[in-house]
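# Here is my input, please return the structure:
(one chain, ligands or ions: 1)
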Amino acid sequence: MTTHVSAPRRHFELVIAANRLPVDQVTAADGSVSWTRSPGGLVTAMDSVMRNRDGAWVGWGGEPDVDIAPLVHESMYLRPVALSAAEVEDYYEGFSNDTLWPIYHDVIVQPSFHREWWRSYIAVNQRFADAIAEVAADGATVWVQDYQLQLVPRMLRDQRPDLRIGWFNHIPFPAVELFAQIPWRRSILEGLLGADFLGFQRVADAQNFVRACRRLLQVTTRGDLVTLTSRDGSSRTTRAAAIPISIDFQALNQLSMSPAVMDRARELRHQLGDPRVLMLGVDRLDYTKGIRHRLKAYEELLQDKAIGPPDVTLVQVATPSRERVEAYRELRQQVETTVGRINGDYSPIGSPAVHYLHHSYPQDEMAALYLAADVMLVTPLRDGMNLVAKEYVTCRHDLGGALVLSEFTGAYHELSQAFICNPHDIEGLKETILKAINTPAHEKARIMRSMRRRIADHDVHRWASRFLEALASAPDHPQRAERPGRRGVLR
Ligand code: GDG
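Below is the predicted model of the structure:
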């Protein structure tokens, strides 16, 4: 844990903006507050790009109605953006997670449209844009993250034409037929077109974006370039392309090779009754992850007596997520009812068919679970990338294990040698799971080796540097101008 110091206002050549700051607040027993670094790939990736640069991060601190002064944490300048409790409900839980999230994930559940959510989304995006403008140096590079901040590029461009602005979408970008449902679709596209470069997980996501611009804004597009002409006749061009995210292969590979993690993996198998086949699912408890489809296939395999405990068992880690959104509460109830039914119907005493864990674990415990699991089930109905798939492969330095992977993930486009499934096809999913169990070890090792090579070559550091290179070389435009009213500003 590192304590923070309030920092004087400064300007930076690289500014990252994300819904959340890369730190979590910790309150000690005596009431004093400090910060710890949040786990996660984005933070690691940004560390690597900030190492030799003067960088700042703009984001929400995670607590509603708390106004925090800028601070320096592990030599990164953090500029908090305050959100009220009403904004957390309307901008974050509402518009981001109950309007955009379902639309961008192919309407797996019905999106909700509320004008007050949209107004809150505009207000919060404007606050982020203002905070970025405040800390960005002349001609700085700004990298905006994700679907919560799609209006920021335009809002920022309007006040700071001198900036180089990029945005990366961690989730899919939907087909125009679905995107078109959004009442504020034009504002969102125009918001994004304030950027120089837009990064997506898959080629199809970038193409969906370009198509949406063509159909809904009647702009000119050429390949991956979109040119928007303003009312005053000036025009600017944005490039939209795929740069798939990855993980820190080296760090996780090392962790999984540590004696402590390897011992823990053996111990876990033993605690689970030394099954012949240990299956594993690790997901945020989200309807996009296909947990219900996975459980249905598993339940039918038990019913068919194709598999059964104690010979085979399933560990499902379902990390708590967005519990104040109704669709997530419903999902939790359905998943827990199903797990209860499966265990009631098929578990002998002492050997549950499903071990259901509704909490989060430290990273070394996750690595041990990956290393212990014979079959990893990654079955989303739609997923931008799915880092769990890449983490599993990275931990299998022993070339053991088998990855069952949905074709509706971004990861599928890089790991197509895996045991591929369509999670909607329950019969097909059952067959794929059995195939993953029964394929000879030497064949599985061959597949694992080749998938590991792919991830080692395309790790998160490469992702971040590829993004920044694409942003730096994005098409320039005529009105790239001096920052207005720049003279006399304190630096
Ligand atoms: C979004 C997109 C895209 C989960 N439980 C625990 C834990 N995790 C970690 C995993 C993994 C991360 O959380 C989840 O990442 P995913 O990629 O699987 O999914 P989302 O959260 O939906 O992320 C997704 C991603 O952004 C990045 O662009 O891939 O498509 O939806 O790293 O390991 N980590 C620990 N304990 C847990 O209990 N330590």
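
# is stretch 358-369 anywhere near the ligand?
Yes: shown here: stretch 358-369 in contact with the ligand (C-beta under 6 Å from any ligand atom) through 360, 361, 362, 363, 366. All C-beta spots, glycine's among them, are computed from the backbone N, C-alpha and C.

# In this structure residue 346 contacts residue 309, no?
Yes: between residue 346 and residue 309 a contact is recorded at 6.8 Å, counting by C-beta atoms under 8 Å.

# Overlap in contacts, those two.
Shared contacts of residue 346 and residue 309, defined by C-beta atoms under 8 Å, 6 or more residues apart in numbering, are found at residue 353.

# Near residue 198, how many other residues are there?
When counting by other C-beta atoms under 10 Å, one arrives at 30 neighbours for residue 198.

# Wasn't it part of a strand?
Yes: counting by DSSP: H, G, I helix; E, B strand; the rest coil, residue 198 is located in a strand.

# What's opposite it in the beta bridge?
Beta-bridge pairing of residue 198 under DSSP bridges involves residue 167, residue 240.

# pLDDT value on it, please?
Per-residue confidence (pLDDT) for residue 198: 98.

# The ligand contacts on this structure?
Checking the chain against the ligand by C-beta under 6 Å from any ligand atom, the hits are 39, 41, 170-171, 245, 282, 284, 317, 319, 360-363, 366, 383-388, 391.

# Please repeat the previous calculation with a cut-off of 8 Å.
Those residues of the chain that sit near the ligand, judged by C-beta under 8 Å from any ligand atom, are 39-42, 146, 170-172, 201, 245, 247, 282-284, 286, 288-289, 317, 319, 321, 359-363, 365-366, 380, 383-389, 391, 409-411.

# How about the one helix or strand residue 132 maps to, which residues are buried there?
Per DSSP states H and E, residue 132 falls inside helix 115-135. Neighbour-count burial for helix 115-135 flags 117-118, 120-122, 124-125, 127-129, 131-133, 135 (criterion: 16 or more other C-beta atoms under 10 Å).

# Include pLDDT when you put these into CSV, please.
Output for those, formatted as CSV (pLDDT from 0 to 100):
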residue, pLDDT
117, 98
118, 98
120, 98
121, 98
122, 98
124, 98
125, 98
127, 98
128, 98
129, 98
131, 98
132, 98
133, 98
135, 97
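
# Just the closest of the residues you listed to residue 305, please.
Closest approach to residue 305 among the buried residues of helix 115-135 (C-beta to C-beta): residue 117, at 49.0 Å.

# Check whether that closest one really touches residue 87, as I assumed.
No: the criterion here is C-beta under 8 Å, and residue 117 misses it with residue 87 at 10.0 Å.

# ok, now how distant is the residue nearest to residue 182 when sequence neighbours are not counted from the ligand?
Excluding its sequence neighbours, the residue lying closest to residue 182 (C-beta to C-beta, 6 or more residues apart in numbering) is residue 103, at 6.2 Å. With distances taken as C-beta to the nearest ligand atom, to the nearest Å, residue 103 is found 14 Å from the ligand.

# contacting residues for residue 103?
The neighbourhood of residue 103, defined by C-beta under 8 Å, 6+ apart, consists of 111, 174, 178, 179, 181, 182.
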